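**Student:** following is a predicted model, sequence given first.
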Amino acid sequence: MPEKIKLPSILLAAILTVLAMMALVRPPETPEAVTIAEQNGVYGLSGIADLDKTPVLLASENYYPNTYLSPENADAGVPERISRYQEIEADYLSQRFVLLLPDNGNTYTLTFKLSGRHAMRVYVNGRLSGQTGALGTTKQDTEVWENNITVHASAVNGRMDIILHSAQFYHARGGAGLAALTVQSSSLDKPRFTDSEAGFFVGGALVCAAILLLSVYLFLSRTKATLYFAAACLVMALREFIQSQAWIYFPVNGNLVFMLEYMSVVLLTVFLCLYLRQYASTRPLRAMCYAAVAGSLAYGLLLLLADSVVYTRLLIIYQLLLIAVIVPGIAGLFRTMRKPDREQSAMLYGTAVFYLAALADILMSSHLFGSGHGRVTVSEPAMLVFVVAQTVSLFLMNNRVLAESKESERKLAAEKTALESLDRMKTEFLGNVSHELKTPLTVMSGYAQTSKQLTEQMSVPQADEVSRRMTLISSEAERLSLMVGQILDVTRMEEGRMVMEPVRCHLDEIIHAAVKTHYPMLNKNQNRLKIRIEPGLPGICADPARISQVIVNLISNAVRFTAGGEITISAERREEQILVCVSDTGTGIAPERLPHLFERYGGKQKSGGGQDTGTGLGLYICRHIVEQHGGTIWLESEEGKGTSVFFTLPYCKANTAPC
């Protein structure tokens, strides 16, 4: 039994991992921005001595609701104070920033940041400097993009007149937001990695993990947990590409991305719940998983069918549902796994790191530990740790499943070998017994026929009754001999020793000889026999004894299941073959048994008298013989109305052709 790992050790390792990430993951070293207020509509920056070293944050005091301010007529617009922003809500608006800068020809980086995705357009000194998305006055002609835009510009005669247009029709909590503008010298050091580059790295790592897990699922072990987590990795990669703005390098519609950002939460919740479902050992935990999946699917359907204002308004309800279900679900999962094995330990460790990192980010964003300057979130590295831990857990699980599968295969192989050995012994035993039975059956039949003849020639009391009984003995001995012959034939077939000896012959002669020899002994139910053979049938190249065996088997079946009825044997030319049919007016066959009649033991059923007769091998042998002669055999039957068995044999096209 594998050694169990205690849960406190796992939680301690997760806490230490999160603390290490908080200590190691640091933001790039950038100077702290200086906030400058507007004075008489102008931001005076020319007096800042260290402008080339310090970024400046401009606090806007005015805006133009429901207006796209024109650079040519900017002075004609009447602004509103930002204190009335909540009162005058606008789906699109303009902001104006007039900057006084040193007239030294320097280039400055202007970064506008808003809350939520917007469509934005920037004019500097009357010229269009940048645009994201498509701006319009209605939702239909607006395409939102990202929540920031960066442009580069220079002052003209020490003055920089900036106009920002922004539009947002998609969120229920309000229209377009007010942007904060940061101005910094383009000569300032840039961060080593941009958000988009980091997003490509993290998203690419998640895609690689998904491909690895899908390969494991397809080629090694088809465990659903592996598939669910691979899908979750793909969704996490999609969300990372969206949130890091890496998606802007692809030809994707911004409005679609807005919806996909919400849909990624839904899909991630569904796949992670289905993945964690394998560890939910109690009914309440399983119920929580299903509740989270059901709620997520309902919200996902809303995303596809409803307007964005509707699903953004209902987002808070969905979030509360997830909190109410997932938080106690994770707590219950940890409580039920107090002594997990190795694969469960890896899963619990990754889950603990992920949730502790999310909790740490929430606490940092609430400023409980200071202003938050110099801190970055650790959710992204924690997500990578989570993925690696779950991948390790899945590999351990798949190794266990593969080991169990190999052990099962080994046992099945051993059982198969034993069964094959028993089957060979059974076949040999039946062959030996059947062979030994042939001789006494022949002797019994011969003596019964001789006794019948002597009874008829001599004056024996009750000669008719003795003759009748001798006929029954001979008939039953003959029928038993046929059954023994069938067992011998199956033995030869399975051992590959049934050899056909084809010669040129005629089918009508074979039919008449078989009927003359066997029908009087087989027919004990007072049936009428009709033979309909088309004149002038061509010769066939076949083994007469085997074809006769097929006809006798079919007649025997017809006689057994028909009493006081009619049995018909017909043969006719059909294209390049001869079609033979043995039909009866007996009890017929149930429809559900028809597909299995030509299988070994598949044709065995109660006779018309209700007794279990035959070996169930007759039709199986007939199919083998007919197919060895290049023909086909099939059966048609209707319960209560009789049965017809057909088979075809190719005929010889030239009389001189050898067989």
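**Tutor:** Perfect, thanks for sending it. Fair warning: this is a prediction, and the values are worked out from it, not measured in the lab. Residues are numbered from 1 along each chain as shown.

**Student:** end-to-end on stretch 98-116?
**Tutor:** Terminal residues of stretch 98-116 lie 25 Å apart, using Cα to Cα, to the nearest Å.

**Student:** list the buried residues in that stretch.
**Tutor:** When burial is assessed from 16 or more other Cβ atoms under 10 Å, stretch 98-116 yields the following buried residues: 98-101, 108-112, 114, 116. C-beta here means a position set from N, CA and C on the backbone, and glycine is covered the same way.

**Student:** can you give me phi and psi for Val580?
**Tutor:** The phi/psi pair for Val580 (degrees, to the nearest 10) reads phi -110, psi 140.

**Student:** burial measure for the residue nearest to it when sequence neighbours are not counted, as a count.
**Tutor:** Closest residue to Val580 apart from its sequence neighbours, by Cβ to Cβ, 6 or more residues apart in numbering: Ala571 at 4.9 Å. Burial of Ala571 is recorded as 20 neighbouring residues (other Cβ atoms under 10 Å).

**Student:** before we move on, back to that, including secondary structure and pLDDT, could the buried residues of stretch 98-116 go into JSON lines?
**Tutor:** Below are the buried residues of stretch 98-116 laid out as JSON lines (DSSP: H, G, I helix; E, B strand; the rest coil; pLDDT from 0 to 100):
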{"residue": "Val98", "secondary structure": "strand", "pLDDT": "93"}
{"residue": "Leu99", "secondary structure": "strand", "pLDDT": "91"}
{"residue": "Leu100", "secondary structure": "strand", "pLDDT": "89"}
{"residue": "Leu101", "secondary structure": "coil", "pLDDT": "87"}
{"residue": "Tyr108", "secondary structure": "strand", "pLDDT": "89"}
{"residue": "Thr109", "secondary structure": "strand", "pLDDT": "90"}
{"residue": "Leu110", "secondary structure": "strand", "pLDDT": "92"}
{"residue": "Thr111", "secondary structure": "strand", "pLDDT": "92"}
{"residue": "Phe112", "secondary structure": "strand", "pLDDT": "94"}
{"residue": "Leu114", "secondary structure": "coil", "pLDDT": "90"}
{"residue": "Gly116", "secondary structure": "coil", "pLDDT": "87"}
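
**Student:** identify the farthest-apart pair in those.
**Tutor:** Pairwise distances across those peak at 31.2 Å for Leu100 and Gly116 (criterion: Cβ to Cβ).

**Student:** circling back: just the closest of the buried residues of stretch 98-116 to Gly564, please.
**Tutor:** Gly116 (91.1 Å).

**Student:** I'd like the next helix or strand past the helix or strand bottoming out on mean pLDDT in the chain.
**Tutor:** Lowest by mean pLDDT, DSSP states H and E among the helices and strands of the chain is helix 463-495, with a mean of 70. Using DSSP states H and E, the next helix or strand after helix 463-495 towards the C-terminus is strand 503-505.

**Student:** what mean pLDDT does that next one have?
**Tutor:** Mean pLDDT, strand 503-505: 91.

**Student:** how long is stretch 161-172 from one end to the other?
**Tutor:** Counting by Cα to Cα, you get 32 Å between the two ends of stretch 161-172.

**Student:** buried stuff in it?
**Tutor:** Across stretch 161-172, burial judged by 16+ other Cβ under 10 Å covers 161-171.

**Student:** how about those residues in JSON lines, adding secondary structure and distance to Tyr249?
**Tutor:** Formatted as JSON lines, the buried residues of stretch 161-172 follow (DSSP: H, G, I helix; E, B strand; the rest coil; distance: Cβ to Cβ, whole Å):
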{"residue": "Asp161", "secondary structure": "strand", "distance to Tyr249": "31"}
{"residue": "Ile162", "secondary structure": "strand", "distance to Tyr249": "26"}
{"residue": "Ile163", "secondary structure": "strand", "distance to Tyr249": "27"}
{"residue": "Leu164", "secondary structure": "strand", "distance to Tyr249": "24"}
{"residue": "His165", "secondary structure": "strand", "distance to Tyr249": "24"}
{"residue": "Ser166", "secondary structure": "strand", "distance to Tyr249": "22"}
{"residue": "Ala167", "secondary structure": "strand", "distance to Tyr249": "23"}
{"residue": "Gln168", "secondary structure": "coil", "distance to Tyr249": "23"}
{"residue": "Phe169", "secondary structure": "coil", "distance to Tyr249": "25"}
{"residue": "Tyr170", "secondary structure": "coil", "distance to Tyr249": "22"}
{"residue": "His171", "secondary structure": "coil", "distance to Tyr249": "25"}
